[in-house]
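Chemist: Predicted coordinates and the sequence they were generated for:
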Amino acid sequence: MKSLMLLWLKLADEMASELHTSATNDGKTVIGRCKHEGLSFLTITLPTFGKDLQKGLDQGYVDRNLFQGFSWKGGLPKFLSGFLGLVFDRSSGVLLDVPNTHAILAVRQLTLMFGKISLPCSDTRVADAFTQYIQCEKEMANLDNEWSSHELDSFRRVSMLLFRDAFTEVDRKVYDGNLLPKHGPGSTADGLRGNAKFAQRSWPSRLEKYFPSGEYLFPSWRFYQEDEVHFLEPDAEMPVKVISVPKTLKTPRIIAMEPTAVQYAQQGLYAAIRESVEGVNYLYRFLGFDDQTPNQRLAKEGSLKGNLATLDLSEASDRVSNQLVRELAHHFPHLREGLDATRSRKADVPGHGVIRLSKFASMGSALCFPIEAMVFLTIIFMGIERDLRTSLDRRTVKRYVDRVRVYGDDIIVPVEHVHTVIELLETFGFLVNSGKSFWTGKFRESCGKEYYDGKDVSIVRVRRMFPVSRQNAQEVISLVEFRNQLYQAGRRSTVEWLDGRIQEVIDYFPRVGPDSPVLGRVDIEGPDRTERVDRSLQIPLVKGYVVASRSPRNAISDGDALLKCLLNLESRENGSRDDNNTIITADEDHLERSGRPQSVFLKLRWAPVR
């Protein structure tokens, strides 16, 4: 914590100097409160302060309802008053006619920097998060009966208008069995990792109609032996395994690990949905599956022109009702049955046992992200239709290209429709996060980028604690990445201080190009002079630490190995991509080792400087 506090003091002094103000008293406040409140002051209290700033920017003033827990003087809190006084009037707290965007960025950087540091929550907070998961499920179970027939008819009609072409194509692929499954790299409920997934023989019976085991578990029907497959009836199926992963120190992220067989089939259906959506010349302009930049661009436009709102939803994945998904695919029986077959019906929640699910899927399902986005897009256009007081047609929908955009639960809508859209989202059980949704002022945020009046006020975040030694490989990697991002943001003095801290941990820390595999300093002066040249590639090399890892050993052979090779070959031929949007390839030893490495380490060697 001391290193984080020193980083805050160094950065505060640099940013205050740039704005011709002082952060001396602010530093004393941070030191004192860290001493009494510990790490939670940096990771919980300060981020709450930063979020209150955003509320003030949106509503046009600050008052005593914001910045609670801090003393005030006049119309502003004393803490960071040197910066805040460049944004709000010191006596009234009203937003200045021309607030200083550099000061806005400074307050956001100093308060939100540690908000998403990867640290485990307390057991109490984790237990509370699981309880909230159960409470959300109860709310979803009761919600299905509250929608009127008119609302459901409207939902079906608008979804048909939007997705008819894409869903027709997917429906045909499901019926023809023209789906390409894929095993992901992550963990599954049954604990299978890497190559072991290709040797699994448990298969839910409900998958058999559209995802026959003879085609999915074996390289061809020639290898199929029915007595090798353990068919699972619905009551014997494994539930999803609900777990918590670090998100913030205030609350963990709750996700669900799917059984291997179900996840395998989900990936095949997801690939077909994605390909079909991207094949519709206007639909992909509304939906994003891997590219966040359109959302970010529209957020910038909304902050500058005030014409677009940015909305964020709480518990978005857990609030997509399965009944609503059935209505989404109402007119496409094969797609609807495929979605139903690949959906887990039960969840094992720590402290609560196995429960039956009303939601479509929790985060962790391969279909969660695309399906929720399509549900949200349908509701958005229902709201637009209600405001226009006329039935939508395809021509009207196309007029909203570059005005409506959905990426997961990050939503862009025209300001003139925002209230109706919010009303309908809440009607269907979703919670709009008022603290992260903006439409009245000049502040907007979407997909990790924030803007005020068209100017980028995005921050650089600390993701992990400072490393103690080179053996803390993840922490070293994170700190070097933070250093280079901060350098790009122009914080030269703080970066110089960070360089000294990094060199206490790793003795080789050269200047490198931005694409070099070496952990080094990205610098405007360019890479260090090199002492070696790769004789084969004729490229300059530099000595430094590179990230190394080794996948676990889990060899497969015979039919299981052939199945993996055939899937990899077909994936490459079809241009299929992995979760990082990279064309799928296979390492030379992929039949001997596979799966996510359990750890990474740093290796000192010569590597390309650029």
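Modeler: Yes, it's here. Numbering: from 1, shown residues only.
Chemist: ok, now which ones touch residue 460?
Modeler: 109, 113, 482, 485, 486, 489 (CB atoms under 8 Å, 6 or more residues apart in numbering). Where you see a C-beta, it was placed from the backbone N, CA and C, and this is true even at glycine.
Chemist: Got phi/psi on it?
Modeler: The phi and psi values for residue 460, taken as degrees, to the nearest 10, are phi -110, psi 130.
Chemist: Kindly report the same for residue 512.
Modeler: Taking degrees, to the nearest 10 as the convention, residue 512 sits at phi -140, psi 170.
Chemist: residues contacting it?
Modeler: The contact partners of residue 512, taken as CB under 8 Å, 6+ apart, are 518, 520, 521, 522, 527, 528, 542, 544, 609, 610.
Chemist: residue boundaries of the helices in the stretch 401-550 of the chain?
Modeler: 418-427, 473-488, 492-503 (DSSP state H, counting those that start in this stretch).
Chemist: Sorry, wrong one. I was asking about the stretch 1-150 of the chain.
Modeler: Using DSSP H, counting those that start in this stretch, helices in the stretch 1-150 of the chain cover 2-18, 24-37, 39-40, 46-59, 81-84, 101-112, 123-143, 149-176.
Chemist: Quick one, which of the ones you listed gets closest to residue 93.
Modeler: Nearest to residue 93, of all these, is helix 46-59, at 7.7 Å by CB to CB.
Chemist: buried residues in that closest one?
Modeler: For helix 46-59, the neighbour count (16 or more other CB atoms under 10 Å) marks 46-58 as buried.
Chemist: Now mean neighbour count too, for the helices of the stretch 401-550 of the chain, in a markdown table please.
Modeler: Putting these into a markdown table (neighbours: other CB atoms under 10 Å) gives the following:
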| stretch | mean neighbour count |
| --- | --- |
| helix 418-427 | 19 |
| helix 473-488 | 20 |
| helix 492-503 | 16 |
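Chemist: Between those helices, which one is closest to residue 23.
Modeler: helix 492-503 (12.5 Å).
Chemist: The closest one packs against which elements?
Modeler: helix 2-18, helix 473-488 (3 or more CB pairs under 8 Å, 6 or more residues apart in numbering; DSSP states H and E).
Chemist: most packed of the helices of the stretch 1-150 of the chain?
Modeler: By mean neighbour count, with neighbours taken as mean count of other CB atoms under 10 Å, helix 81-84 ranks first of the helices of the stretch 1-150 of the chain at a mean of 24.
Chemist: now that helix, how far from the centre of its chain.
Modeler: Computed by CA atoms, centre = their mean, to the nearest Å, the chain-centroid distance of helix 81-84 equals 32 Å.
Chemist: hang on, the earlier thing: any of the contacts of residue 512 buried? List them.
Modeler: 518, 520, 521, 522, 527, 528, 542, 544, 609.
Chemist: export the residues you listed to a markdown table and tack on distance to residue 174 and pLDDT?
Modeler: Listed next are the buried ones among the contacts of residue 512 as a markdown table, based on distance: CB to CB, whole Å; pLDDT from 0 to 100:
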| residue | distance to residue 174 | pLDDT |
| --- | --- | --- |
| 518 | 47 | 93 |
| 520 | 49 | 93 |
| 521 | 51 | 93 |
| 522 | 47 | 91 |
| 527 | 52 | 79 |
| 528 | 56 | 72 |
| 542 | 52 | 89 |
| 544 | 50 | 93 |
| 609 | 50 | 87 |
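Chemist: Would you enumerate the residues in contact with the residue lying closest to residue 477 once chain neighbours are set aside?
Modeler: Of all residues not flanking residue 477 in the chain, residue 547 sits nearest, at 6.1 Å (CB to CB, 6 or more residues apart in numbering). Contact analysis of residue 547 by CB under 8 Å, 6+ apart lists 473, 477, 517, 519, 600, 601, 602, 603.
Chemist: what's near enough to touch the third one?
Modeler: The one in question is residue 517. Contacts of residue 517 by CB under 8 Å, 6+ apart are 546, 547, 607, 608.
Chemist: ok, now with 6 Å
Modeler: 546, 607 (CB atoms under 6 Å, 6 or more residues apart in numbering).
Chemist: From residue 481, how far off is it?
Modeler: 13 Å (CB to CB, to the nearest Å).
Chemist: Next: the fifth one.
Modeler: Residue 600 sits 13 Å away from residue 481, going by CB to CB.
Chemist: cool, residue 71 as well?
Modeler: Relative to residue 481, and taking CB to CB, residue 71 is found at 36 Å.
Chemist: can you list the domain ranges for the chain.
Modeler: 2-115, 124-452, 473-554+593-608 (automatic domain parsing).
Chemist: nearest to residue 569, of these?
Modeler: That would be domain 124-452 among those, by CB to CB, at 10.9 Å.
Chemist: so how far does the closest one reach from one end to the other?
Modeler: 37 Å (CA to CA, to the nearest Å).
Chemist: can I get the helices of the stretch 1-150 of the chain in TSV with distance to residue 404?
Modeler: Formatted as TSV, the helices of the stretch 1-150 of the chain follow (distance: least, CB to CB, whole Å):
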stretch	distance to residue 404
helix 2-18	36
helix 24-37	41
helix 39-40	39
helix 46-59	21
helix 81-84	35
helix 101-112	27
helix 123-143	25
helix 149-176	11
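Chemist: Out of those helices, the one nearest residue 501 is which?
Modeler: helix 2-18 (7.0 Å).
Chemist: Let's see that closest one as CSV, backbone CA atoms only.
Modeler: Extracted in CSV, the C-alpha atoms of helix 2-18 (Å, rounded to 0.1, in the frame of the first residue of the first chain):
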residue,chain,number,x,y,z
LYS,A,2,2.9,2.3,0.7
SER,A,3,4.0,2.1,-3.0
LEU,A,4,0.5,2.9,-4.2
MET,A,5,0.3,5.9,-1.8
LEU,A,6,3.7,7.2,-3.0
LEU,A,7,2.6,6.8,-6.6
TRP,A,8,-0.5,8.9,-5.8
LEU,A,9,1.6,11.7,-4.1
LYS,A,10,4.0,11.8,-7.1
LEU,A,11,1.3,11.9,-9.7
ALA,A,12,-0.8,14.5,-7.7
ASP,A,13,2.2,16.9,-7.5
GLU,A,14,3.0,16.5,-11.2
MET,A,15,-0.6,17.2,-12.3
ALA,A,16,-1.0,20.1,-9.8
SER,A,17,2.1,21.7,-11.2
GLU,A,18,0.8,21.5,-14.7
